[in-house]
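In: Output the structure for:
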Amino acid sequence: MTYRVELAVQVEDALATLPDAGRQEVMETIAAALVRLDAWPDPGGWDAAVRFGSRSWVMFSAYLDGIDIIDVGWVGCGDAWFPMP
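Out: Here you go, the predicted structure:
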C-alpha cells in the first residue's frame, strides 16, 4: 500500500535552513515514522506522536492513508554555528 506524507509549511521552512547532514537525518526520521504503523497515533488528526532519531525528532499526526509532519527538530551542530579550532 502507498502512504502519503504531508509537510506543514514550517517543516518545509525548517528543512530549508538545515545543513545537508541535518536535512538527511530528519528525512530518515520521517521515513522511520512512516514505516512504523504500530507507532502511529489514532487516525483523524486529533492525536500526535513524536519519533526520535539519533539527533533529530519529528512530530506527526496520522490518517488512514499516511501521516502529516507537524514539526521537526535537529540538534546537530555544523561548522556554521560552532566552528571547531
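In: going forward, measure contacts and count neighbours with C-alpha atoms only.
Out: Noted.
In: For this protein, which residue occupies the most central location?
Out: residue 58 (3.4 Å; C-alpha atoms, centre = their mean).
In: how about the nearest residue to that residue, chain neighbours excluded?
Out: Sequence neighbours aside, residue 72 is the residue nearest to residue 58 in space, at 4.4 Å (criterion: C-alpha to C-alpha, 6 or more residues apart in numbering).
In: try residue 32
Out: residue 51 is the one closest to residue 32 (C-alpha to C-alpha, 6+ apart), at 8.0 Å.
In: wait, doesn't the one you found sit right on residue 69?
Out: No: the pair residue 51 / residue 69 is not scored as a contact, 10.6 Å apart, by C-alpha atoms under 8 Å.
In: Can you work out which residues contact both of these two?
Out: Residues touching both residue 51 and residue 69 (C-alpha atoms under 8 Å, 6 or more residues apart in numbering) are 30, 58, 59.
In: How about residues contacting the helix ranked longest in the chain?
Out: In terms of residue count, the longest helix belonging to the chain (DSSP state H) is helix 20-35. Contacts to helix 20-35, defined as C-alpha under 8 Å, 6+ apart, come from residues 3, 5, 15-16, 39-40, 51-53, 55-58, 66-67, 69, 72-74, 76.
In: Whichever of these count as buried, I'd like them selected in ChimeraX; how would that read?
Out: To isolate the buried members of those in ChimeraX, using 16 or more other C-alpha atoms under 10 Å:
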select :5,15,40,51,52,53,56,57,58,66,67,69,72,73,74
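In: so of the contacts of helix 20-35, which ones are in strands?
Out: 5, 51, 52, 56, 57, 58, 66, 67, 69, 72, 73, 74 (DSSP state E).
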